[in-house]
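Participant: the following comprises the amino acid sequence and a computationally predicted model.
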Amino acid sequence: MRTTISVIKCDVGSLAGHHIVPKPILEMAEKRLKEAKEQGIINSYFVFNAGDDLELLMVHTRGENNEEVHGLAWEIFQKTAEKAKNLKLYGAGQDLLKTAFSGNIRGMGPGTAEMEIEERPSEPIVVFAADKTSGGAFNFPLFKIFADPFNTAGLIIDPSMAGGFKFEVLDVKENKKAVFKCPEEMYELIALIGSVDRYTISHVWRKRDDLLCAVTSTSRLSLIAGKYVGKDDPVAIVRAQHGLPALGEVLMPFLHSFFVEGWMRGSHWGPIMPVSLKDSKCTIFDGPPRIVAIGFQVVNGEIASDDDGKPLISDLFDDPAFDLARREAIEHAAIMRRMGEFEPARLSSEIMEYTTLPRILERFKDRFIPV
Ligand SMILES: [Mg+2]
């Protein structure tokens, strides 16, 4: 039996600006997924939010890109966006770029990360979800988790990790992909994934046996829509333990804050802040960009649950161990915001082409004369 973990997310509308998914929207999604479980479309689910993004975690045995599972998510996003419109929530339906569903939700606006696996004797999973940033935000932590021996002790001392990992890198501009092996192509890999706006790690496999270890959502909303429609607010699924990085090694990159593109109007570099689900809302300057992480076990095609069938979910960043990163994020936010709209606080002009800035620059075009 093969098990599929699907995380499909969408900003369907947010309370008081781009900051949080309100309770009635979460409850609607929860109710529909409960029905879908009873109907046998999915086996387990968990609904949560990353800032203003509604996140649907679904575990089932229908494989990736399944029409019924994607259709279920699409139906939920349409209905909740309708509710958001009735409440006049901010940005209601902003991520729903297409109207007619034709079997697969990819390329329609919502973000998708899916992983079909054969369950190991024990299958610990971490799902990360970030708000106010883009897919490239996972390049740095995924590199550290699967390739940096100063992060992951197992790369040095666990024989089952010998040989390292392979990374699939997506060129989101050209819509092409290539695979790089670590450690032998580590420098080349960094040369690419250091450019987080263009190259995104989409898959990681264990090199010796091609075991799938991690997947990310890699859509680029602006490239689908051809204009600025917000950042992609990515999700990632990572497997842990049993010949893969331990849970603590998967979380290790978040000991410190690091900079990601996004934040206010998707136009600034901002420090990522790991937070608990309770603090998963973006406030100051629409941020700082926040990331949540949930941990769970997959067992026989579903999420391990308690005797009442309630999924056992651990809110991983709900821990004082991440206070340092949170403190750093606030301090770095203050430093960056002192710069106002001067680079490097604002993204480079090349990336700003996909924002509303060119409409301002257009007005002065004729004022410039040859020198
Ligand atoms: Mg968002």
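Facilitator: On my side now, so go ahead. Predicted model only: the values in this text are computed from it and were never measured.
Participant: low-confidence regions, the chain specifically.
Facilitator: 219-231 (pLDDT under 70).
Participant: recalculate using a threshold of 90.
Facilitator: Scanning the chain for pLDDT under 90 picks out the ranges 1, 91, 93-102, 106-109, 162, 172-175, 218-232, 349-361, 365.
Participant: top strand in it by residue count?
Facilitator: strand 290-299 (DSSP state E).
Participant: does that strand come close to the ion?
Facilitator: No. Strand 290-299 stays clear of the ion (CB under 5 Å from the ion), getting no nearer than 9.7 Å. The way it works is simple: take the backbone N, C-alpha and C, and place the C-beta from them, glycine included.
Participant: ok, that strand: who's next to it in the sheet?
Facilitator: strand 124-131 (antiparallel), strand 273-274 (parallel), strand 302-303 (antiparallel), strand 314-315 (antiparallel) (DSSP bridges).
Participant: and the longest one with the ion, contact?
Facilitator: Yes. With CB under 5 Å from the ion as the criterion, the ion is reached by strand 124-131 at Asp131.
Participant: please renumber the chain so that the first residue is 51 from this point on.
Facilitator: Done: numbering now begins at 51, and the last item shifts to strand 174-181.
Participant: what's in contact with that strand?
Facilitator: 55, 57, 59, 98, 100-103, 105, 107, 187-188, 191, 283-291, 297, 300-301, 310, 322, 330, 332, 339-348, 366 (CB atoms under 8 Å, 6 or more residues apart in numbering).
Participant: got a list of contacts for the helix or strand following it?
Facilitator: For strand 174-181, the following helix or strand on the C-terminal side (DSSP states H and E) is helix 189-197. The contact list for helix 189-197 (CB under 8 Å, 6+ apart) reads 178, 201-202, 205, 214-215, 217, 232-233, 236, 239-240, 243-244, 246, 249-251, 254, 263-264, 266, 286, 288, 295, 299-300, 302-304, 308.
Participant: cutoff 7 Å now
Facilitator: By CB atoms under 7 Å, 6 or more residues apart in numbering, the residues outside helix 189-197 that reach it are 201-202, 214-215, 232-233, 236, 243, 246, 250-251, 254, 263-264, 288, 295, 299-300, 302-304, 308.
Participant: can you tell me which of these are in strands?
Facilitator: In strands, defined here by DSSP E, the members of the contacts of helix 189-197 are Phe215, Cys232, Thr250, Ile251, Val254, Cys263, Ala264, Val288.
Participant: and which of the residues you listed is nearest Lys182?
Facilitator: Of all the ones in strands among the contacts of helix 189-197, Thr250 has the smallest distance to Lys182: 16.6 Å, by CB to CB.
Participant: re earlier: need the buried ones from the contacts of strand 174-181 selected in PyMOL.
Facilitator: Entered in PyMOL, the line below selects the buried ones among the contacts of strand 174-181, by 16 or more other CB atoms under 10 Å:
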select buried, resi 55+57+59+98+100+101+102+103+105+107+187+188+191+283+284+285+286+287+288+289+290+291+297+300+301+310+322+330+332+339+340+341+342+343+344+345+346+347+348+366
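Participant: pretty sure Val57 sits in a helix.
Facilitator: No. Under DSSP: H, G, I helix; E, B strand; the rest coil, Val57 sits outside any helix and is assigned strand.
Participant: I figured it hits Val109, correct?
Facilitator: No. Taking contacts as CB atoms under 7 Å, Val57 lies outside contact range of Val109: 10.0 Å.
Participant: okay, now the spatially closest residue to Pro74 that is not a sequence neighbour: neighbour count?
Facilitator: In space, and not counting its chain neighbours, Pro74 is closest to Lys133: 6.5 Å by CB to CB, 6 or more residues apart in numbering. By the criterion of other CB atoms under 10 Å, Lys133 has 18 neighbours.
Participant: what is the subsequent helix or strand relative to the helix or strand hosting Lys133?
Facilitator: Per DSSP H and E, Lys133 falls inside helix 117-136. Per DSSP H and E, the first helix or strand lying C-terminal to helix 117-136 is strand 161-167.
Participant: may I have the phi/psi pair for Ser210?
Facilitator: Dihedral angles of Ser210 (phi, psi; degrees, to the nearest 10) stand at phi -70, psi -10.
Participant: does it touch Gly293 like I think?
Facilitator: Yes. Ser210 lies in contact with Gly293 (CB under 7 Å); the separation is 3.4 Å.
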